[in-house]
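S.K.: Whatever this is, show me its structure:
(one chain, ligands or ions: 1)
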Amino acid sequence: SGPDWVPLKQDWKSRWCTLPACYIEDLAGRIDAFETRESDVFVVTFMKSGTTWMQELAWLLLNDLDFERAKSSYPFHRSPFLEYSAINPVVAIDSVAMCNQIQDNSRLIKSHLPAQLLPREIWKHGRKIIYVARNPKDVVVSSYHQMKGMHYSEGSLDDFVEYFIADKIMYTSFWAHVIDFYKMRNEENVFFVTYEDMSRDLQDVVKRLSRFLNCKDLSNSEMEKLLNHLSFKNIKESKFGNPTGFIKTLRKTTDDFEFMRRGIVGSYKDELSLEHKDKIDKWTMSVLEEHGLTESDIF
Ligand code: A3P
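M.R.: Purely as a prediction, here's the structure:
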């Protein structure tokens, strides 16, 4: 209990997921029954895993590299966030209605919900899903900065790690989220990729994603333009690509809040204490072991 934003643990469809209470009250039923279209594409991630980066890439591929539109409107408007109404209930935005209003040939819909909470029709009709996973230590650090910047969390990074591992942070359990999609990675309608893949070789990801989305092959110059557009530096400096300013219009943040923070693999090395790094590693090993996996199978 507590103020509206305190995540409550709910046992929903026999899987755990920590979500704000108002999600269950107001949104869960509408999202469960959300009507999908054949051409829909869902970008699904655990938060802070490179969602916005992937949205920008996928939206451009689906919209014939319309850089002009990409440079003049926020990802939030081009590719709405399905359950946003529950994440920021203070602002009167009906995020499900926003998804329904999209006029693009293919709607690109963002969600951080775990597999079991996504619209039922996705599974019934095999709608396309792009899933981006990121290593948990960077996710923890990035989530901590975001949550703190948005006044969701007031404690230290060490406290945050403890809550994260105990599934007390919004959208946890982290590993259940990732493992469900990792296991679906060979399904025809699922494109599973990691933030680490995108950092290592974005061009390869663009080519594979383009085939998955049935988009036309890109010329060398189109590819170059796209990769430049998607670079951390370019997006950070762009008024519409960088959501920092937009988020500040939607909610109270700290003055130093910055969405495009570091954009690298391994930023945890500068920020996590050795004790908490080890704690996350041990937790990861024990969870993955139950599934016959190691972290290097995924990342
Ligand atoms: P950091 O906080 O580690 O910098 P999401 O969109 O899921 O919220 O993920 C945000 C994370 O992706 C942030 O990570 C952000 O900096 C990073 N990111 C966003 N755009 C990026 C880009 N073009 N290149 C690399 N990282 C990017």
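
S.K.: residue contacts, the residue nearest to S111 when sequence neighbours are not counted?
M.R.: Once flanking residues are discounted, S111 sits nearest to L82: 4.3 Å by CB to CB, 6 or more residues apart in numbering. C-beta here means a position set from N, CA and C on the backbone, and glycine is covered the same way. By CB atoms under 8 Å, 6 or more residues apart in numbering, L82 lies in contact with 31, 34, 95-96, 99, 109-111, 113, 119.

S.K.: which of the residues you listed has the most neighbours?
M.R.: Counting by other CB atoms under 10 Å, I109 has the largest number of neighbours within the contacts of L82, with 27 neighbours.

S.K.: Can you say which helix or strand has I169 in it?
M.R.: Assigned by DSSP states H and E, I169 falls within no helix or strand.

S.K.: got the phi/psi numbers for it?
M.R.: Taking degrees, to the nearest 10, you get phi -100, psi 150 for the backbone angles of I169.

S.K.: What does the pLDDT read for it?
M.R.: Looking at I169, its pLDDT reads 90.

S.K.: number of nearby residues for it?
M.R.: 23.

S.K.: Likewise for D255?
M.R.: Around D255 there are 6 other residues, counting by other CB under 10 Å.

S.K.: Tell me how far it lies from the ligand.
M.R.: According to CB to the nearest ligand atom, to the nearest Å, D255 and the ligand sit 17 Å apart.

S.K.: go on, Q101?
M.R.: 22 Å.

S.K.: same check, this time on I264
M.R.: From I264 to the ligand the distance is 7 Å (CB to the nearest ligand atom).

S.K.: For stretch 288-296, which residues meet the burial criterion?
M.R.: For stretch 288-296, a neighbour-count test (16 or more other CB atoms under 10 Å) marks 288, 293 as buried.

S.K.: Please disregard the earlier target; I meant stretch 18-25.
M.R.: Residues of stretch 18-25 classed as buried by neighbour count (16+ other CB under 10 Å): 18-23.

S.K.: of all the residues you listed, which comes closest to D281?
M.R.: Within these, the smallest distance to D281 is 22.0 Å, found for T18 (CB to CB).

S.K.: Can you tell me the SS state at that closest one?
M.R.: Put simply, T18 is strand when judged by DSSP: H, G, I helix; E, B strand; the rest coil.

S.K.: going forward, begin numbering at 877 instead of 1
M.R.: Shifting the count to begin at 877 puts that one at T894.

S.K.: Could I get the full set of helices for the stretch 877-1026 of the chain?
M.R.: Applying DSSP state H, counting those that start in this stretch to the stretch 877-1026 of the chain gives helices spanning 897-898, 904-908, 927-938, 943-946, 951-954, 960-963, 971-977, 996-1001, 1012-1025.

S.K.: what sits against the residue nearest to K1013 when sequence neighbours are not counted?
M.R.: For K1013, ignoring the flanking residues on the chain, the nearest one in space by CB to CB, 6+ apart is Y1144 at 3.9 Å. Neighbouring residues of Y1144 by CB under 8 Å, 6+ apart: 1013-1014, 1016-1017, 1153.

S.K.: V1082 now?
M.R.: 933, 937, 1094, 1099, 1102-1103 are the contacts of V1082 under CB under 8 Å, 6+ apart.

S.K.: out of those residues, who's nearest the ligand?
M.R.: Distance to the ligand across the contacts of V1082 (CB to the nearest ligand atom) is lowest for L933, with 8.8 Å.

S.K.: how many other residues sit next to the nearest residue to that closest one once chain neighbours are set aside?
M.R.: Distances taken as CB to CB, 6+ apart place L1106 nearest to L933, at 5.8 Å, with adjacent residues excluded. When neighbours are counted by other CB under 10 Å, L1106 registers 19.

S.K.: hang on, L1106 packs against W929?
M.R.: Yes - counting by CB atoms under 8 Å, L1106 touches W929, with 6.7 Å between them.

S.K.: Confirm E1064 sits in a helix?
M.R.: No - going by three-state DSSP, the assignment for E1064 is coil, not a helix.

S.K.: who's in contact with the residue lying closest to it once chain neighbours are set aside?
M.R.: Nearest residue to E1064, sequence neighbours excluded (CB to CB, 6+ apart): G1002, at 7.0 Å. Contact analysis of G1002 by CB under 8 Å, 6+ apart lists 1063-1065.

S.K.: May I ask you to confirm that V1015 is in contact with T927?
M.R.: No - V1015 is not in contact with T927 according to CB under 8 Å; the separation is 11.2 Å.
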